[in-house]
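Student: structure of the sequence below:
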Amino acid sequence: MFEPEAAALAAGPLPKGKLGLIIDIGGGTSDFSVFERDGDDTRIIASHGVRVGGTDFDKAISISRVMPLLGRGGEIKNEIGDGRHTAPSGIFNDLASWEKIPFLYTGEMRRLAARFHRLGVPPEVFKRLSDVLELELGHDIAFAVEAGKIRVNAPNAHEAAIDLRIIEKHLWARLDADDLQRILADHAQTIHAAAIQTLRGANLSADQIGQIVFVGGSSLMAVIEDTMVRLFPHATLERTEAFTAVADGLAIAASKLRW
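Tutor: Reported below is the predicted structural model:
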């Protein structure tokens, strides 16, 4: 059974005369499927996907909130003369990208970070960068960013912070709900456009969707829910089994088989 069909089965009955839309946001992709139900039978009408997921959310947060504490946007003095230039962004973008972090732990990159520390303005933020590369703390930062994102997305949580004390005592990166909305706005727009493209593939209008089924932890981000509510204001939201919907649907389907 395909995953969208299983998730649809786990979501239960649809409002009479309406269709459902599954939003499955994983680590690297967001997938959308329009479905209809006839008793226990589920039919997928149209599917569409984009390469945006939870790790992209984390990267955007890290670049915006954590990397400036390590020197992103800071200045490097010239070796000779009084000139300065902005620190190159590539090293910070890679440090915020889960899959690229291990490739920064080279002698060349460590020497570059040490040079930034020596010539940077202010030098203390670039020392943090040097320490992170020397101690190979990149994935620890990624975990901290993810944890901070989850905390600020919790119900009634308006402010949280990203715990960076593994780098430096008392070091935290501020993060609140408004920050999160702003940082993830472009990704939310991409997901909004993908949902509309899915409707077009099914030749449907938004008011024909009666239920939104959220699948995957990243689908539970408030910015995603807000985006879907604006697009489908009359649809009910099914988010209770976001982490287990596919497995639940497969179990339900298996229970109906005759062996």
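Student: any buried residues in stretch 49-67, and which?
Tutor: Residues 49-50, 52-67 are the ones in stretch 49-67 that count as buried (16 or more other Cβ atoms under 10 Å). No exception for glycine: its C-beta is placed from N, CA and C like everyone else's.
Student: again, but for stretch 224-242
Tutor: 224-225, 227-228, 231-232, 235, 238, 241-242.
Student: do stretch 175-189 as well
Tutor: Of the residues in stretch 175-189, those buried (16+ other Cβ under 10 Å) are 175, 177, 179-180, 183-184, 187-188.
Student: repeat for stretch 192-206
Tutor: For stretch 192-206, by 16+ other Cβ under 10 Å, it's 194-195, 198-199, 202, 204.
Student: show the average pLDDT along it.
Tutor: Stretch 192-206 comes out with an average pLDDT of 96.
Student: so residue 171 versus residue 165, what's the distance?
Tutor: 6 Å (Cβ to Cβ, to the nearest Å).
Student: look at the two and report which has more neighbours.
Tutor: Neighbour count, other Cβ atoms under 10 Å: between residue 171 and residue 165, residue 171 has more, with 15 against 10.
Student: the more buried one contacts residue 164, correct?
Tutor: Yes - judged on Cβ atoms under 8 Å, residue 171 makes contact with residue 164 at a distance of 4.3 Å.
Student: mind checking the end-to-end distance for stretch 168-184?
Tutor: Using Cα to Cα, to the nearest Å, the end-to-end distance of stretch 168-184 comes to 27 Å.
Student: ignore what I typed, I meant stretch 113-127.
Tutor: First residue to last in stretch 113-127 (Cα to Cα) measures 8 Å.
Student: swap in stretch 230-243?
Tutor: When the termini of stretch 230-243 are compared using Cα to Cα, they are 24 Å apart.
Student: swap in stretch 96-104?
Tutor: Stretch 96-104: ends 11 Å apart by Cα to Cα.
Student: show residues contacting it.
Tutor: 55, 58-59, 62-63, 66-67, 91, 94-95, 133, 138-139, 142 (Cβ atoms under 8 Å, 6 or more residues apart in numbering).
Student: what helices and strands are in contact with the longest helix along the chain?
Tutor: Ranked by residue count and defined by DSSP state H, the top helix of the chain is helix 185-202. Of the remaining helices and strands, those touching helix 185-202 by 3 or more Cβ pairs under 8 Å, 6 or more residues apart in numbering; DSSP states H and E are strand 19-25, strand 30-38, strand 41-50, helix 54-61, helix 222-231.
Student: which of the ones you listed sits closest to residue 252?
Tutor: strand 41-50 (10.5 Å; Cβ to Cβ).
Student: with just CA atoms, put that closest one into CSV.
Tutor: Extracted in CSV, the C-alpha atoms of strand 41-50 (Å, rounded to 0.1, in the frame of the first residue of the first chain):
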residue,chain,number,x,y,z
ASP,A,41,-11.8,2.0,0.1
THR,A,42,-9.4,4.9,-0.5
ARG,A,43,-8.5,6.3,-3.9
ILE,A,44,-5.7,8.8,-4.5
ILE,A,45,-6.8,11.3,-7.1
ALA,A,46,-3.6,13.4,-7.5
SER,A,47,-0.2,13.8,-5.9
HIS,A,48,2.6,16.3,-6.0
GLY,A,49,5.8,17.0,-4.0
VAL,A,50,8.6,19.5,-3.5
